[in-house]
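>>> After the sequence you'll find the predicted model.
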Amino acid sequence: MTDEPVTTSDQVDSRLDITTQAVNVFLASQKDDGTIAGIGYWQIGNGYSAMILHELWSQTASFVSLIRNSVKAIESTHPGFINEYNDDSMWWAMANLELFKLTNDAAYLECAHNIWSHVKQYRLSKGEIFFHGMDMEGAVHWTSRDNETQLNTITTGLFAELSARLSSYCSGDDSKNMTSLAKGSLSWIRRCRFDQQHYVVLDTIDYGTGEEKNWTFTYTTGQTIAASTAIYETLISSRENGGSSDFLELACDLALSAMHHPSWVGQDGTLSATEYPGQNSPWDNNDAVGFKSILLRSLTKLLCTLKANQLDSNLQSALRGFIQRQFNSLTTRNTNGQGQYGPIWAGPFQAPTSHSQLAVLDAMAAVHAL
């Protein structure tokens, strides 16, 4: 389905009312310290990222002041936004980087760079670790623990995207080095964690136990799309166009595959993945409910890049249709009509929770990028 939605000015106004209400419902669970009741640290960071993207893509400023005050409050109890989970820290780096784009306040850029410098310590160098004969160069440890042996794609993909995006704010050898690190980390994903047959990204290698965890979460493929897109943008902006098309091609191919993945997307085109096996109460906080939102965020980033460079109109149309379908399904099949949304995007509405409200914020932001 590649039908492109046609939107009138009245629909844009109505859409903004709907998405603003969804953000306000999410914020109703905000505590005095800036955190959100019912969800964890990385989820909170992604909630603020989605809110910032909502501001950027809708070209509004309804929540800027609140976001800045909330982020300041959270940093007072989480210095530098760094904890032992490298992916958690980098989700907050992304929030700060998006907040820099929104406000042009260099303090947020500096914070993102400091997190990057911290996580860089846990990236493997050439020849440092081998797993089944494969060099793990470029992979990033999941945590900063001394005995950590797990390498996963979400942490490595975040590092690749963050490196590429930060490189555009540096110059000379610093910029080239960061771009090289981004490429190297994406290369590890492609060499060691890519299922060529099903065109999805796998999860974890634990070189301590010898175990491969071949989970196919939506957000691991989604984050690889974001990393590939960021590297492409960095290369063309620096006029180092050699090989740049390869990164865009990877992002586009992964996006096409993801939008038609039978385990993730229903026959009507709605992201319906529950991600975790077994029966889970809709009331229980579940990280995986928000995984698909990261995929949608990454697809939207790709759409923005294609639009900006006037590339692949067919894929642009497919992405627009896909994003619009998620929004339509949420607002017609997965809501109680009071701005609250459940965990299953295809519906029916089950329960209003912080984690399900968090997950839909990316759809609420993405619809403004169309």
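Done, it's in. Numbering: from 1, shown residues only.

>>> just checking, E137 touches G184?
Yes - between E137 and G184 there is a contact at 6.3 Å, judged by Cβ atoms under 8 Å. Just so you know, the C-beta spots here come from the backbone N, C-alpha and C atoms, and that holds for glycine as well.

>>> Who are the contact partners of the residue nearest to the spatial centre of the chain?
Nearest to the mean C-alpha position of the chain, by Cα atoms, centre = their mean, lies I294 at 3.8 Å. The contact partners of I294, by Cβ atoms under 8 Å, 6 or more residues apart in numbering, come to N46, T218, Y219, G222, Q223, D362.

>>> Leaving out sequence neighbours, find the closest residue to the last one.
Computed as Cβ to Cβ, 6 or more residues apart in numbering, the closest residue to D362 that is not its neighbour in sequence is S293, at 3.9 Å.

>>> Please apply the same query to the fourth one.
The spatial neighbour of G222 that comes closest, neighbours along the chain excluded (Cβ to Cβ, 6+ apart), is L295 at 3.3 Å.

>>> starting at the chain centroid, how far to the helix or strand the one you found falls within?
Using DSSP states H and E, L295 sits within helix 291-308. Taking Cα atoms, centre = their mean, to the nearest Å, one finds helix 291-308 lying 8 Å from the centre of the chain it belongs to.

>>> Report the buried residues of it.
291-307 (16 or more other Cβ atoms under 10 Å).

>>> could you give the mean pLDDT of stretch 178-198?
Averaging pLDDT along stretch 178-198 gives 98.

>>> cool, and stretch 284-303?
Rounded mean pLDDT across stretch 284-303 is 92.

>>> Please list the residues outside stretch 56-64 that contact it.
So stretch 56-64 is contacted by 16, 19-20, 23, 27, 51, 54-55, 98, 101-103, 300, 365-366, 368-369 (Cβ under 8 Å, 6+ apart).

>>> Report the buried members of these.
16, 19-20, 23, 27, 51, 54-55, 98, 102-103, 300, 365-366, 368-369.

>>> Go through these and flag which are in strands.
Residues of the buried ones among the contacts of stretch 56-64 located in strands (DSSP state E): none.

>>> List just the nearest of those to G127.
Set against G127, the nearest of these by Cβ to Cβ is E98 (35.4 Å).

>>> Once you drop chain neighbours, what's closest to the closest one?
Nearest one to E98, counting by Cβ to Cβ, 6+ apart, is I52 at 4.3 Å.

>>> again, but for F349
G342 (4.5 Å).

>>> pLDDT weak spots in the protein?
Within the chain, the stretches with pLDDT under 70 are 1-12, 241-242, 273-280.

>>> Please enumerate the strands of it.
130-131, 134-135, 150-152, 194-195, 200-201, 204-206, 211-213.

>>> Pick the most deeply packed of these.
strand 200-201 (a mean of 25; mean count of other Cβ atoms under 10 Å).

>>> Walk me through which strands it pairs with, and which way each runs.
Strand 200-201 pairs in its sheet with strand 194-195 (antiparallel), by DSSP bridges.

>>> Could you give the separation of the strand it pairs with from the chain centroid?
19 Å.

>>> got a list of contacts for it?
By Cβ under 8 Å, 6+ apart, strand 194-195 touches V200, V201, L202, N214, T216.

>>> residue farthest from the centroid of this structure?
Taking Cα atoms, centre = their mean, the residue of the chain most remote from its mean C-alpha position is G133, at 31.0 Å.

>>> K183 contacts T234, correct?
No - between K183 and T234 there is no contact under Cβ under 8 Å: 9.5 Å.

>>> Settle it for me: which of those two has more neighbours?
Neighbours were counted for K183 and for T234 using other Cβ atoms under 10 Å; T234 has more, 24 against 19.

>>> Return the residues in contact with the residue nearest to the more buried one when sequence neighbours are not counted.
Excluding the flanking residues, the one nearest T234 by Cβ to Cβ, 6+ apart is A164, at 4.5 Å. Residues in contact with A164 (Cβ under 8 Å, 6+ apart) are M178, T179, A182, A227, A230, I231, E233, T234.
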